[in-house]
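Q: coords please:
(one chain, ligands or ions: 1)
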Amino acid sequence: MSTKQTSLERFLRKKKRLSEETEMSSTSKKRVTFNRQYHESYLKYGFVGTGDSHKPKPLCIVCGDQFSNEAMKPSKLLRHLNAKHPGVKDKSLEYFERKKREHEGQKKFMRATTSIKENALRASYLVANRIAKAKKSFTIGEELILPATKDICRELLGETAVEKIAHVPLSADTVTRRIEEIAEDIEAQLFERINASPWYALQVDESTDIDNKAILLVYVRYLYQEDVHEDWLCALPLPTNTRGAELFKSLDGYISRQLKWSFCVGICTDGAAAMTGRLKEVTAGSTFQCQGMGNQTGLPV
Ligand SMILES: [Zn+2]
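A: Predicted coordinates for the structure are as follows:
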């Protein structure tokens, strides 16, 4: 036991000594490594200092390449100028000063364009949302909305505004992508609300889409902030002459992905003769069965 304790103490002492040694060596290391500073005279080699002022990095204003702080040495900077840019190596200091001003102007421009880009991106989402809500073709963004907005801006605000408007991405592809993203987000939010509700009920309705293809429209009723809410949940594509069992399979595939059937207190149809026959099988597939969302049979009040 005592041997063990001693060995443990020795081990701890050793550890302490080791950590002290590392600390010492790191401080001595700190003393050895120092950050090289930028000097104005380096401009004659075509370099400016960028980044952290304590540890600036040399940036070649001729080619835009950036090097590490360790390269902040006249010899290294001069070597880069001679090797990479022999054409300008004998240029006067004024030449590099002008280059530096150009570079700073570009930096300002970059900062300005980044904020324009962010605003343009927001605008792009807002417009895509409107296009979806208005059920318009996704090409309307590039074909009508953008040119029309440019016209209005040109007449009322001038060319600068028109140039900014041009940055708003509204091509059909972009609009499609944005609407998909927004739809996914809305769906996720809806699932979140339904899952937080103590119960939910479904209403299913067979319909046809714009291409005359059969679809199953699903509406959901649930409790949110002490109020009963009704939302359109999804439209499921249906192969022609779908039997009831397949109808349920398609619905089950969607529901089971995000919701629990055990919280479903009712599933209703619109009661139309063409629907009821097949949907009886659908409703039989779920725990409860009710007919007609209108009288809300089977739904808690
Ligand atoms: Zn260079």
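
Q: and the helices in the stretch 151-300 of the chain?
A: 159-165, 172-196, 244-258, 273-285 (DSSP state H, counting those that start in this stretch).

Q: got a markdown table for those, with distance to the ion, mean pLDDT and mean neighbour count too?
A: Just so you know, the C-beta spots here come from the backbone N, C-alpha and C atoms, and that holds for glycine as well. Shown next, in a markdown table, are the helices of the stretch 151-300 of the chain (distance: least, CB to the ion, whole Å; pLDDT from 0 to 100; neighbours: other CB atoms under 10 Å):
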| stretch | distance to the ion | mean pLDDT | mean neighbour count |
| --- | --- | --- | --- |
| helix 159-165 | 32 | 91 | 14 |
| helix 172-196 | 36 | 91 | 15 |
| helix 244-258 | 55 | 81 | 16 |
| helix 273-285 | 70 | 55 | 16 |
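
Q: adding distance to Ile61, write these out as JSON lines.
A: Shown next, in JSON lines, are those (distance: least, CB to CB, whole Å):
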{"stretch": "helix 159-165", "distance to Ile61": "27"}
{"stretch": "helix 172-196", "distance to Ile61": "35"}
{"stretch": "helix 244-258", "distance to Ile61": "55"}
{"stretch": "helix 273-285", "distance to Ile61": "70"}
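
Q: of all those, which one is nearest Leu121?
A: helix 172-196 (9.4 Å; CB to CB).

Q: run the angle between that closest one and helix 244-258 for me.
A: 90 degrees (axes from the mean of the first three to the mean of the last three CA atoms, to 10 degrees).

Q: CA atoms only: put stretch 125-144 into PDB for me.
A: Provided in PDB are the C-alpha atoms of stretch 125-144 (Å, rounded to 0.1, in the frame of the first residue of the first chain):
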ATOM      1  CA  TYR A 125     -36.800  34.600 -51.100                       C
ATOM      2  CA  LEU A 126     -39.500  37.100 -50.500                       C
ATOM      3  CA  VAL A 127     -40.400  37.300 -54.200                       C
ATOM      4  CA  ALA A 128     -40.200  33.500 -54.600                       C
ATOM      5  CA  ASN A 129     -42.700  33.200 -51.700                       C
ATOM      6  CA  ARG A 130     -45.100  35.700 -53.400                       C
ATOM      7  CA  ILE A 131     -44.800  33.800 -56.700                       C
ATOM      8  CA  ALA A 132     -45.700  30.500 -54.900                       C
ATOM      9  CA  LYS A 133     -48.600  32.100 -52.900                       C
ATOM     10  CA  ALA A 134     -50.000  33.600 -56.100                       C
ATOM     11  CA  LYS A 135     -49.700  30.200 -57.800                       C
ATOM     12  CA  LYS A 136     -47.800  31.800 -60.800                       C
ATOM     13  CA  SER A 137     -45.400  30.100 -63.100                       C
ATOM     14  CA  PHE A 138     -41.900  30.100 -61.700                       C
ATOM     15  CA  THR A 139     -40.600  31.900 -64.900                       C
ATOM     16  CA  ILE A 140     -42.600  35.000 -64.000                       C
ATOM     17  CA  GLY A 141     -39.700  36.200 -61.800                       C
ATOM     18  CA  GLU A 142     -37.300  36.600 -64.700                       C
ATOM     19  CA  GLU A 143     -39.900  37.300 -67.400                       C
ATOM     20  CA  LEU A 144     -42.000  39.900 -65.700                       C
END
